[in-house]
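K.L.:
sequence and computational prediction follow.
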Amino acid sequence: MGLRRTNNEDFVLENGLVGLFLLADGMGGHQAGEKASRLALESINNFFVEYETASAEETNSLQTFPSELPMGGRKLIYSIIRANTIVTESAQLDKELDGMGTTVVAIYADRDELFAAHVGDSRIYMLRGGKLSQVTEDHSFYFEELKKGFFTKEQLDAMPFKNRLTRALGHMGKAKVDMKVIHPRPGDLFLLCSDGLTDMMGDDDIRTIMAEAVSLETCAHALVDTAKANGGLDNVSVVLVRIDGL
């Protein structure tokens, strides 16, 4: 948790038995953000846990959803879209949850392939051979306008609505889940994190901590502690996944 928030709208879930690693950063008034993030991740996890006994309708949908992806990628995208429906319908049933939503970043390891999916501005990073790369692209006004090149970074930094999300579970509309297929190598280290970390730390600091950490536990603590030391304006959550062998 950060230093300014009284409640934590982040939620993380790890299920090593099925190779699933998840992080969500909720949004909404009162406890709605916390509800949305927990509901989304539990829905995604439940789909993978219950997949072997899924309905014929769901398993048939996966055969062509989308057809160019391996089955592991289809399962992850389907589970996130399913979670979006659950979050949306829950908000419609309870006025106190109206408008709730959540980001999500997900890694699913299936045999020798790793599927990385996201919605929103939570991020996935990969450290490989000492080089840090951002796997995801933020679904935010700031990042998307920066890519277009109409505004400078300085102009965007001054805008009061710069952090507005352009995509989130509960507010997906016709937007798609972004997915990347990664062929992991032994020694690869993946970081899933909420914007509470990346708003307080630059990529160089993140890379240094990930590269120098002696264990996943010390790495996680160092990342969170540094974000807090830099101001801790929001909840800070991280998940680390290391590839030890294939």
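P.N.:
Noted; the coordinates are in hand. Numbering: from 1, shown residues only.
K.L.:
only C-alpha atoms for contact and neighbour calcs from this point on.
P.N.:
Noted.
K.L.:
what segments of the chain are strands?
P.N.:
Taking DSSP state E to define them, one finds strands in the chain at 10-15, 20-27, 101-102, 104-110, 113-119, 123-128, 131-134, 178-182, 189-193, 238-242.
K.L.:
list the contacts for residue 113?
P.N.:
Contacts for residue 113 (Cα atoms under 8 Å, 6 or more residues apart in numbering) come out as 181, 182, 183, 184.
K.L.:
cool, and residue 187?
P.N.:
128, 129, 242, 243, 244, 245.
K.L.:
look at the last one and report its pLDDT.
P.N.:
Per-residue confidence for residue 245 comes out at a pLDDT of 69.
K.L.:
buried stuff in the least confident helix or strand in the chain by mean pLDDT?
P.N.:
When the helices and strands of the chain are scored by mean pLDDT, DSSP states H and E, helix 56-62 comes last with a mean of 75. By 16 or more other Cα atoms under 10 Å, the buried positions in helix 56-62 come out as residue 62.
K.L.:
what's the answer for stretch 86-104, then?
P.N.:
86-88, 90-91, 97-104.
K.L.:
swap in stretch 115-133?
P.N.:
Neighbour counts over stretch 115-133 (16+ other Cα under 10 Å) mark 115-128, 132 as buried.
K.L.:
again with stretch 163-175
P.N.:
163, 165, 166, 167, 168, 169, 170, 171, 172.
K.L.:
for stretch 239-246, same thing?
P.N.:
Residues 239, 240, 242 are the ones in stretch 239-246 that count as buried (16+ other Cα under 10 Å).
K.L.:
distance between it and the chain's centre?
P.N.:
Counting by Cα atoms, centre = their mean, to the nearest Å, stretch 239-246 is centred 17 Å from the centre of its parent chain.
K.L.:
that older thread, residue 209: which of the buried residues of stretch 239-246 is nearest?
P.N.:
Using Cα to Cα, residue 240 is the member of these that sits closest to residue 209, with 12.3 Å.
K.L.:
relative to residue 128, how far out is the most far-flung residue of the chain relative to its centre?
P.N.:
Largest separation from the mean C-alpha position in the chain: residue 56, at 28.7 Å (Cα atoms, centre = their mean). Here residue 56 is placed at a distance of 40 Å from residue 128 (Cα to Cα, to the nearest Å).
K.L.:
could you do residue 79 as well?
P.N.:
Applying Cα to Cα to residue 79 and residue 128 gives a distance of 28 Å.
K.L.:
ok, residue 105 touching residue 24?
P.N.:
Yes: at 6.5 Å, residue 105 counts as touching residue 24 under the criterion of Cα atoms under 8 Å.
K.L.:
mutual contacts of these two, please.
P.N.:
Between them, residue 105 and residue 24 share the contacting residues residue 122, judged by Cα under 8 Å, 6+ apart.
K.L.:
those two - which one has more neighbours?
P.N.:
residue 24 (36 against 27; other Cα atoms under 10 Å).
K.L.:
per-residue pLDDT of the residue positioned nearest the centre of the chain, please?
P.N.:
Ranked by distance to the mean C-alpha position of the chain (Cα atoms, centre = their mean), the top residue is residue 105 at 1.7 Å. As summarised for this prediction, residue 105 has a pLDDT of 98.
K.L.:
for the closest residue in space to it that isn't next to it in sequence, give me its contacts.
P.N.:
Among residues not flanking residue 105 along the chain, residue 118 sits closest, at 4.3 Å (Cα to Cα, 6 or more residues apart in numbering). Taking Cα under 8 Å, 6+ apart, we find residue 118 in contact with 103, 104, 105, 106, 136, 177, 178, 179.
K.L.:
pipe these into TSV and attach distance to residue 230 per row.
P.N.:
Compiled in TSV, the contacts of residue 118 are given as follows (distance: Cα to Cα, whole Å):
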residue	distance to residue 230
103	23
104	24
105	24
106	26
136	24
177	32
178	30
179	31
